[in-house]
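A.B. asks: following is a predicted model, sequence given first.
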Amino acid sequence: MHHERDAKLLQRFLIRRSPHTKVVRMTKTKIQTDIIRRSKFVAMRWRKPCSNSMQAQEFLCNRAYNVAFPFFDSLTIMQANTALQAEAHAGAAAQHVNIAAYKFITFDNTEEMRPQYQDICARLGLKGTILLTPEGINMFLSGPRGNIDEFLAWVRSDARFADLEVKESYSAEQSHKRMLVKIKKEIITMRMPLIKPEEGRAPFVEAHTLKRWLDNGVDDNGKPVVMVDTRNDFEVDVGTFDHTVDYRIKKFTEFPDVIAAHKDDFAGKTVVTFCTGGIRCEKAAIHMQNIGYDNVYQLEGGILKYFEEVGGAHYTGDCFVFDYRTALNPKLEPTETVQCFNCRAVVTPRQQLSPEYVYEKSCPHCYGQQKAD
């Protein structure tokens, strides 16, 4: 009976509260990592009198790489694994669809349309964020397949968005916690009002073509290819293309000045700008054309479309996304990477093993500063 009891405990406490977590084999390291994040469980199982989560975590972290787990034998772990796999298969049919879509087009009735978007999203139980702006629309939504399809059919019934293109990924539960419909001045803030993708896009390169260029090291005309990341530094740190140019910008409004200052570095080369889903490089590539770059492209659909079509070729790491999943791997699957509740920094699975990582309190990025405060 103790096997069943402990298997249920494992099943209960080793499933991360984030519903996107993939079920993986429970190695000892996996058990250590997850129990560190559940200090109450640690205190309970070791009968250790811990008055708060910090004490409990310190107690375990002192043994982080040398814990025998005598109370979890192989049968217990096997039973817990079996139960978790059964749950995973049962939930597969109930997967939620996560969509990302945008379009640059004159949108002069945002105030009128906002309540309509709010109403249909509420009726369909969708969650996420929709930005309505004079220059177009940008959306990140999550919900059941049928509800997402009904919403997209409604959006495309507006002639302005009849050709709206969508990128998809999947998760066990909705990737957003609430529904917001906002009115903004720009789809992505650049503060350069003369840049209007609606009036003409910069040239784009599709995923398969870019892979061929990167395989060969040159484009179809024999020019060296250079990748330029238009994302913020913390996004780049999660993953990016190999040998990419990264200017460590803190926000997109810094990009125009920094790319202008390095124009001479790209003489005689083909430049491919990229971002998560394609929005930032829409504006970035136009700006680069305007200031005299001769051979500049944007990656059509961004990193997510590249992952969808060719996987992770010439890419190292994952792709940061702005929802609770935090990062997607080249298979468009959520990873174990999280964001610190306190400072919002990205925290890798290895960093989560640190005693400086306290769930919903601190991480290695902010622990010292928090302690000093």
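C.D. replies: Great, that's in hand.
A.B. asks: give the bridge partners for the spatially closest residue to residue 118 that is not a sequence neighbour, please.
C.D. replies: Nearest non-adjacent residue to residue 118, counting by CB to CB, 6 or more residues apart in numbering: residue 181, 5.0 Å away. From N, CA and C alone the C-beta is placed, and that goes for glycine too. Listed beta-bridge partners, residue 181: residue 130 (assigned using DSSP bridges).
A.B. asks: pretty sure residue 181 is touching residue 116, no?
C.D. replies: No. Using CB atoms under 8 Å, residue 181 is not in contact with residue 116; the gap is 9.2 Å.
A.B. asks: of those two, who's got more company?
C.D. replies: residue 181 (21 against 13; other CB atoms under 10 Å).
A.B. asks: pLDDT value on that one, please?
C.D. replies: As predicted, residue 181 sits at a pLDDT of 98.
A.B. asks: one more: the one 10 residues further on?
C.D. replies: In this prediction, residue 191 carries a pLDDT score of 92.
A.B. asks: for it, give me its contacts.
C.D. replies: residue 253 (CB atoms under 8 Å, 6 or more residues apart in numbering).
A.B. asks: which element is it on?
C.D. replies: Residue 191 belongs to no helix or strand when assigned by DSSP states H and E.
A.B. asks: how about the nearest residue to the residue minimising distance to the centre of the chain, chain neighbours excluded?
C.D. replies: Residue closest to the average C-alpha location in the chain (CA atoms, centre = their mean): residue 321, at 1.9 Å. Distances taken as CB to CB, 6+ apart place residue 328 nearest to residue 321, at 5.8 Å, with adjacent residues excluded.
A.B. asks: could you check the pLDDT of that neighbour?
C.D. replies: At residue 328, pLDDT is 93.
A.B. asks: surely the residue nearest to the centre of the chain touches residue 332?
C.D. replies: No. Taking contacts as CB under 8 Å, residue 321 lies outside contact range of residue 332: 9.8 Å.
A.B. asks: what residues are shared contacts of these two?
C.D. replies: Common neighbours of residue 321 and residue 332 (CB under 8 Å, 6+ apart) are residue 304.
A.B. asks: show the contacting residues for residue 166.
C.D. replies: So residue 166 contacts 99-101, 152 (CB under 8 Å, 6+ apart).
A.B. asks: ok, back up a step: what about the residue nearest to residue 118, distance to residue 141?
C.D. replies: 10 Å (CB to CB, to the nearest Å).
A.B. asks: next one: residue 122
C.D. replies: Counting by CB to CB - residue 122 and residue 141 are separated by 12 Å.
A.B. asks: cool, residue 211 as well?
C.D. replies: The value you get for residue 211 to residue 141, if CB to CB is used, is 29 Å.
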